Structures are given as structure tokens and as C-alpha cells.
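>>> structure, please.
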Amino acid sequence: MAEDDTASTGLVVATHGRHCLVERPDGTRVLCHAKGKKNETVVGDRVLWRATGDEGVIVRVQERRNLFYRQDEVRTKSFAANLDLVLVLIAAEPEFSEMQLARALIAAEAERIAPLIALNKSDLVEPFERAWARLLPYRHMGYGVLPLSLRRSSDTDRDHLLQHLHGKTTLVLGPSGAGKSTLINLLVPQAQALTGEISQALNSGKHTTTATTWYWVDAQRSTGLIDSPGFQEFGLHHIEPMQLAGLMPDLRPHVAECKFYNCTHLHEPGCGVIAAVAQAPGAPAGQIEPSRYRIYRTLFEELSEPPRY
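Predicted coordinates:
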């Protein structure tokens, strides 16, 4: 009898070291460990597992629809798999990094995962107006940009947010200070208690957001929310530099207008991308903001550098 024939199906809802917490179809959870020395599972994986006493062992990770991850020169960090949406939460204050935002959006584009930008702290009028204006190019590109005030959240705010998340598996991503924990607690009031239970089950010590964790928003378990640790850097070394322009929606339409098929969009004559770069900030739809082109140049050069190891 094949090993798969005796295995049960499950959903990975948390991982720590060689262990992961697997949710059965009936909602109960079991602690599982990797078959080999390394745990290859990530939150959101659908797995086959086999019981061994009170625990289980992972037999196989089923094929993923996608895997959202970042990669620097020496290390890969996987966030989650099988996502429908990446919610990038930023705030009017402290001022968000457009470079970090761009990196997260490019990583989502590379895996064909829909992104949604949420701008928190709409109650801070002047900082919010400045931040909202900075996001105009992203609205021109077709990204959804959602205003939020999580500190003064109402049922209307919660319902509006849930409309975007309903029936989907969403990874919440954002820098510290943006309000990620507040958002999670708004949508999943029992989140803190659940995180403590998960941490205890995995024997992983502190239950601050040091690990990626899955929460169900609804009793029907149709809307999943994945909380991820904060990050300072977001490496894109898994992306080839020549792929980059195609993953930036404002640059992508102009690539076909380039004279040379292998155009880097940095210096070539007859480059459609360079021709579309606006001469000043505040570019209309269809043109490329100077700040966005600077991001492209910086990333292209970063991804073109030879490895240092």
C-alpha cells in the first residue's frame, strides 16, 4: 500500500523549527514533525500526514498554487503558500518606505498574487493627505488602496475591510508601527489567546509575532488571515533583473516600445520605458513617476551584482 493511501489531509497553520501545527478538516489540530532533518512546510500548505501516537509526521506537501517569499544574498525567508491576497499595511505615520512597498508588490506580482495596499491612520489629517498623495501612482497602476483608521475603527471600517478579504486567504504584511497587530485583533478578537495556544502547542516560547500564524476570521472557516513577522529588509534576489520591468505595472506597457529586445531600460537609445518617464513628479496615468523609475534602477543594479559569497 502506498504511503499516501494511509495519510490524512491537513492545513499547516503554524510552523516552528522541525515542527508544524496541522489542522484537520474537522478543525482540530495536531502537532506534526518533518520526515527528514529539515521542515519544508510553510503556513498555508496543504499536506498529507500520518499519525504516530498523539502526534504526526508529514508525508508530503501537496503542490502549491504559489509561495510568497523574499530572498537576500544568502538566505530565503518563506512567508506563506496558496495565497489569494497580500495585504500590505502601511501608515501615514511613521512615514512608509516606498522602496519597501515596491519590493513587496513586485514579490506578489512574481507569484501572481493579488495585492491590496491599506493606508492606516486616516485620522491624522495632514500626514494622511501627504501619504495618500504619494500613493497616487499606485492607484494609477490599478492597485487597490484602502484608507483605514484602526485606532478609531468602527463596525463600518471592519465590514469594509472584510468585503475585500471575504472567502480569501490573505497574508498581512507590514513594517512595525503600521498597526498590523491592531488589524489582526480587530478582525480576530481572540487572536492573542489563539497565538498563545499555538505557541504552547509548538513549544516555541514567547507568543509575540515571531512566527507566521494562520487565523480564521469566520466560524465557517472560509476567510483565512495570516499574520507574519515584521521585517526590515525585503530581498528580491530570486528575481532576474531582466524580469523586473515586467513585474512593475507602470513600466510593463512600455517595454514593447523598446528598440532592442534585451533593453535594460537604463541607457539604451529608443527605450520605451525611458521615454515614458515623466520630467517631474505628479505624472498622469500612463507615464512613469520619476520616483518609480529610480526604484527600478536601484533594484536592477542590486539584482545584477555578482554574489559576494
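>>> contacts only, for the nearest residue to A34 once chain neighbours are set aside.
Distance criterion C-beta to C-beta, 6 or more residues apart in numbering; nearest residue to A34, sequence neighbours excluded, is R18 at 4.9 Å. The way it works is simple: take the backbone N, C-alpha and C, and place the C-beta from them, glycine included. Each residue near R18 by C-beta atoms under 8 Å, 6 or more residues apart in numbering is listed here: 33-34, 37-39.
>>> 10 Å instead, please
If you count contacts by C-beta atoms under 10 Å, 6 or more residues apart in numbering, R18 has them with 32-39, 41, 58.
>>> out of those residues, who's nearest A285?
Out of the contacts of R18, the one with the shortest distance to A285 is T41. That distance is 42.1 Å, counting by C-beta to C-beta.
>>> burial measure for the closest one, as a count.
Per other C-beta atoms under 10 Å, the neighbour tally for T41 reads 24.
>>> separation between G177 and R139?
Summarising the geometry, the distance separating G177 from R139, computed by C-beta to C-beta, to the nearest Å, is 23 Å.
>>> try C263
As it turns out, when the distance is counted by C-beta to C-beta, C263 lies 27 Å from R139.
>>> where do the helices sit along the stretch 151-300 of the chain?
Counting by DSSP state H, counting those that start in this stretch, one finds helices in the stretch 151-300 of the chain at the ranges 155-165, 180-187, 191-202, 252-255, 272-276, 290-304.
>>> deepest in the core, which of those helices is it.
Counting by mean count of other C-beta atoms under 10 Å, helix 180-187 has the highest mean neighbour count of these, with a mean of 19.
>>> got a list of contacts for that one?
Taking contacts as C-beta under 10 Å, 6+ apart, the residues outside helix 180-187 that touch it are 87, 89, 91, 118, 120, 148, 150-151, 153, 157-158, 161-162, 165, 170, 172-174, 179, 191-192, 194-195, 208-209, 213, 215, 217-218, 223, 225-230.
>>> next step: those restricted to strands.
Residues from the contacts of helix 180-187 lying in strands, with DSSP state E as the criterion: 87, 89, 91, 118, 120, 170, 172-173, 213, 215, 225-227.
>>> ok, the residues you listed vs G246, which is closest?
The shortest approach to G246 among those belongs to L173, at 21.8 Å (C-beta to C-beta).
>>> give me the nearest residue to that closest one, chain neighbours excluded.
Once its chain neighbours are removed from consideration, L173 has its nearest residue in V88; the separation is 5.3 Å (C-beta to C-beta, 6+ apart).
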